[in-house]
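Visitor: Give me coordinates for this.
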Amino acid sequence: MITHRQLFMERVAQTSETPLMLDIVTAHGSSLFDASGKEYTDLISGIAVSNIGHCHPAVTSAIKEQLENYMHLMVYGEYVQSPQVRLAKALVDLLPAPLDNVYFVNSGAEAIEGSLKLAKRYTGRSRVIAFKNAYHGSTHGALSLMSDEYFKNAFRPLLPGISFINFNNLNDLQQIDEQTACVFVEMIQGEAGAVPADPFFMAALRSRCNETGTLLVADEIQTGYGRTGSFFAFSSYDIVPDILVLAKGMGGGMPLGAFISSKEIMSSLKMNPALGHITTFGGHPVCCAASLATLEVISQMNLEQTVAVREGLIRKKLKHHAIREISGKGLMLAVEFENAAINREVISKCIQNGVVTDWFLFAPEKMRIAPPLVISEKQLSQALDVLLACIAETVN
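Guide: Residues are numbered from 1 along each chain as shown. All right, here's what the predicted structure looks like:
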């Protein structure tokens, strides 16, 4: 009899030659359970998605309630749908002016694509600037914002008019000029290995964008919804972007993304041409209901305040001569080893021993530590003990 694992390899399109091959049948909180009943502690949250854990009862309840009312009704933007309206209001209530208009999509990459179009349409400019070692998604437009030729060269031609500058480099900001439509920036560069922006750099970037009339696009796909200890990471830098991009942790486990701007800027997509950006399933009512429930859980549990405690526990416990550095902020951290080979071996041993972690695209020598915000101190401590044992087994 053919197994699920065989069907997975034969019938499901693969993204690499070495998938993890975990056959997960159920997941709750910070734990995953495979077909044999083995439990794994999830230290990566499906890559910064399950911020309030897997199958949180508030989220599953909201999903079931919405399912009984309606699912898809019409392409986005035509019908008044209560879950969309309520979620948009809840998000805007959390945001500073002038971020008061929300466009819902299906994913982070689609939100990036929408932001690209919005910035070009509003400014009438075509030049775009992104940062080296940034990651904004894998669709053609989002891929064009990636500096790494290994990942994008096979898919050329990509979007023209995109320049790359160095992250946290003040001198490079002079390359932003009056022909630049927008600059895309992560508050913490995710796939570079959880590298935070310098506060002085972010202030200078905001200032340079103001001087040149350039829109600043904050990619908070990984950092949003409390992961760094504040609901949105940009708030800790005392700046306000012109466009904010959200996804991943936004949906409580459901596919959802958004780009948010001022009503003035966003209105440019309504005309010349009409339907300047359109999506069939964006802002799906079930996903919006899940997202609203996620917002409420984060608020009720004060998860933003507990993130710093969990970060402190990680930094305190992870002491080993093989660990060169722990970068990042909150529960978006990276543990650096001497090389990628050591990291791969430690990750493999961790998974064998029931702790799921991962590496970074542009920093394969770094291990990703991004557990659900709801993980208990006890479960986190036990997982870190396993991690330390795996490091000790790998490095003498």
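Visitor: In the stretch 151-300 of the chain, mark out all the strands, start to finish.
Guide: Chain-ordered strands for the stretch 151-300 of the chain, with DSSP state E, counting those that start in this stretch as the definition, fall at 162-165, 180-186, 188-189, 195-196, 215-219, 243-246, 257-261.
Visitor: And the least confident helix or strand in the chain by mean pLDDT, what does it pack against?
Guide: Across the helices and strands of the chain, mean pLDDT, DSSP states H and E gives its lowest value to helix 4-11, namely a mean of 90. With contacts defined as 3 or more Cβ pairs under 8 Å, 6 or more residues apart in numbering; DSSP states H and E, helix 4-11 has no helix or strand neighbours. Any C-beta I mention is one placed from the backbone N, CA and C, and that applies to glycine too.
Visitor: just how off-centre is that helix within its chain?
Guide: 28 Å (Cα atoms, centre = their mean, to the nearest Å).
Visitor: Switch the strands of the stretch 151-300 of the chain over to CSV; also include mean neighbour count.
Guide: Compiled in CSV, the strands of the stretch 151-300 of the chain are given as follows (neighbours: other Cβ atoms under 10 Å):
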stretch, mean neighbour count
strand 162-165, 17
strand 180-186, 25
strand 188-189, 25
strand 195-196, 23
strand 215-219, 27
strand 243-246, 26
strand 257-261, 28
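Visitor: can you put the ones you listed in CSV and add distance to Ile347 and mean pLDDT?
Guide: Listed next are the strands of the stretch 151-300 of the chain as CSV, based on distance: least, Cβ to Cβ, whole Å; pLDDT from 0 to 100:
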stretch, distance to Ile347, mean pLDDT
strand 162-165, 29, 98
strand 180-186, 23, 98
strand 188-189, 20, 98
strand 195-196, 20, 98
strand 215-219, 26, 99
strand 243-246, 28, 98
strand 257-261, 28, 98
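Visitor: Can you add distance to Glu336 and give those back as JSON lines?
Guide: Formatted as JSON lines, the strands of the stretch 151-300 of the chain follow (distance: least, Cβ to Cβ, whole Å):
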{"stretch": "strand 162-165", "distance to Glu336": "23"}
{"stretch": "strand 180-186", "distance to Glu336": "18"}
{"stretch": "strand 188-189", "distance to Glu336": "14"}
{"stretch": "strand 195-196", "distance to Glu336": "11"}
{"stretch": "strand 215-219", "distance to Glu336": "23"}
{"stretch": "strand 243-246", "distance to Glu336": "27"}
{"stretch": "strand 257-261", "distance to Glu336": "30"}
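Visitor: Tell me which of those sits nearest to Ile52.
Guide: Of all these, strand 243-246 sits nearest to Ile52, with 15.1 Å by Cβ to Cβ.
Visitor: And this protein, split by domain according to the record?
Guide: If you go by automatic domain parsing, the domain ranges for the chain are 4-56+302-394, 58-300.
Visitor: Out of those domains, which one sits most buried?
Guide: The highest mean neighbour count among these, using mean count of other Cβ atoms under 10 Å, belongs to domain 58-300: a mean of 20.
Visitor: And that domain, end to end?
Guide: 11 Å (Cα to Cα, to the nearest Å).
Visitor: Stretch 42-59 too?
Guide: End to end - Cα to Cα - stretch 42-59 spans 19 Å.
Visitor: before we move on, what about stretch 268-276?
Guide: Terminal residues of stretch 268-276 lie 8 Å apart, using Cα to Cα.
Visitor: starting at the chain centroid, how far to that stretch?
Guide: Distance, stretch centre to chain centre, for stretch 268-276: 28 Å (Cα atoms, centre = their mean).
Visitor: cool, and stretch 217-232?
Guide: Centroid separation for stretch 217-232 versus its chain: 8 Å, with Cα atoms, centre = their mean.
Visitor: do stretch 37-53 as well
Guide: Worked out by Cα atoms, centre = their mean, stretch 37-53 lies 14 Å from the chain centre.
Visitor: what pLDDT, on average, does it get?
Guide: For stretch 37-53, mean pLDDT is 97.
Visitor: Then stretch 83-102?
Guide: 98.
Visitor: who's in contact with that stretch?
Guide: Identification of contacts with stretch 83-102 by Cβ atoms under 8 Å, 6 or more residues apart in numbering yields 66, 104, 231-232, 235, 240-241, 244, 246, 258-267, 283, 285-286, 288-289, 291-292, 295.
Visitor: cool, and stretch 150-165?
Guide: Contacts of stretch 150-165 (Cβ under 8 Å, 6+ apart): 116, 126-132, 140-141, 143-147, 172-173, 175, 361.
Visitor: and Ala363, how far is that from Asn343?
Guide: 9 Å (Cβ to Cβ, to the nearest Å).
Visitor: same deal with Met21?
Guide: Separation of Met21 from Asn343 (Cβ to Cβ): 19 Å.
Visitor: can you check Gly29 too?
Guide: Gly29 is 26 Å from Asn343, by Cβ to Cβ.
Visitor: what do you get for Asn353?
Guide: Going from Asn353 to Asn343 by Cβ to Cβ gives 16 Å.
Visitor: Need the pLDDT of the most centrally placed residue in the chain.
Guide: Centroid check for the chain by Cα atoms, centre = their mean gives Gln222 as the closest residue, at 2.1 Å. If you check Gln222, the pLDDT there is 98.
Visitor: now stretch 260-279, how far from the chain's geometric center?
Guide: For stretch 260-279, the gap between its own C-alpha mean and the chain's C-alpha mean amounts to 24 Å (Cα atoms, centre = their mean).
Visitor: How about residues contacting that stretch?
Guide: 75-77, 91-92, 95, 98-106, 110, 114, 117-118, 121-122, 215, 242-246.
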